[in-house]
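>>> Coordinates for the following, if possible.
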Amino acid sequence: MPRRSFSSLRTKDAFDLVPIRDITLWDLRTDPLAPSDILLAVLQRTKSLALTASEAAKVTLIDAILLEIVPNYPGLKIWKDEPLETGNTGGVADYLIAPSRGYIETPLLCAVEAKLDDFTAGEIQCIAEMAACRDNNVRDGHDLEVHGIVSNGQGWIFYRLTRTPEVFVSGLFTMNDMPKLLGALDHVIAACAANIP
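Here you go, the predicted model:
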């Protein structure tokens, strides 16, 4: 049977990969985290870019915000446009966060989907990618939670795939409340760092 791409899946297909019947609301409450002067300067410079025109443009914001938090956890590395496969599904993950090495290897701790504005399609892909990360992790002896993020740069939604398995989804965090967004992202990245073997 040919491998189906993550982007071709419907909601039921992604849920079946976990397997779940529904997702659970994640009341993600964290302390706000003030943006650094570096991030504020980068965001000021991005005003020269047309950031609403394409998914590629959104990546500029996603990169800047991820780079505000992930370097605080030196055991982690961000991998972009990485192939990800499991069973009969596969594709290219926009971002994978994994232990910092010279090569990507399990455990795969977080999948990040960059989307123009279609958060529903992003959710389907993110859930499928989290399931693929989990399957690769289990294959290699790492039975742990996997996180996911869907973002268009301005808005961010966070996911958590537990070992039970359940999928939790946060509400929307936006750049309009940057400290709250950074606090939530820091919480998720800290959880990823805690799962480094």
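>>> As a check, name the ranges of all strands in the protein.
4-5, 24-25, 76-86, 89-99, 110-114, 146-151, 155-161, 167-169, 173-174 (DSSP state E).
>>> Format those as a markdown table; extra columns: distance to residue 13.
Yep, even glycine has a C-beta here, placed from its N, CA and C like the rest. Shown next, in a markdown table, are the strands of the chain (distance: least, CB to CB, whole Å):
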| stretch | distance to residue 13 |
| --- | --- |
| strand 4-5 | 8 |
| strand 24-25 | 19 |
| strand 76-86 | 13 |
| strand 89-99 | 8 |
| strand 110-114 | 16 |
| strand 146-151 | 16 |
| strand 155-161 | 16 |
| strand 167-169 | 14 |
| strand 173-174 | 27 |
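>>> Turn those into a markdown table, including mean pLDDT.
Formatted as a markdown table, the strands of the chain follow (pLDDT from 0 to 100):
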| stretch | mean pLDDT |
| --- | --- |
| strand 4-5 | 92 |
| strand 24-25 | 98 |
| strand 76-86 | 96 |
| strand 89-99 | 97 |
| strand 110-114 | 97 |
| strand 146-151 | 98 |
| strand 155-161 | 98 |
| strand 167-169 | 98 |
| strand 173-174 | 98 |
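>>> For residue 34, which of these is the nearest?
Comparing these by their distance to residue 34 (CB to CB), the top pick is strand 173-174, with 15.1 Å.
>>> Nearest to residue 49 among the strands of the chain would be which one?
strand 110-114 (14.9 Å).
>>> in this protein, which ranges drop under the pLDDT threshold?
1-2 (pLDDT under 70).
>>> which residues in it form helices?
11-17, 37-45, 55-69, 119-139, 178-194 (DSSP state H).
>>> which of those helices is buried the deepest?
helix 119-139 (a mean of 23; mean count of other CB atoms under 10 Å).
>>> circling back: with distance to residue 18 and mean neighbour count as extra columns, can I get the strands of the chain in TSV?
Compiled in TSV, those are given as follows (distance: least, CB to CB, whole Å; neighbours: other CB atoms under 10 Å):
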stretch	distance to residue 18	mean neighbour count
strand 4-5	15	14
strand 24-25	12	10
strand 76-86	12	16
strand 89-99	12	22
strand 110-114	13	27
strand 146-151	10	27
strand 155-161	7	23
strand 167-169	6	20
strand 173-174	23	18
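>>> No further queries at this time; thank you.
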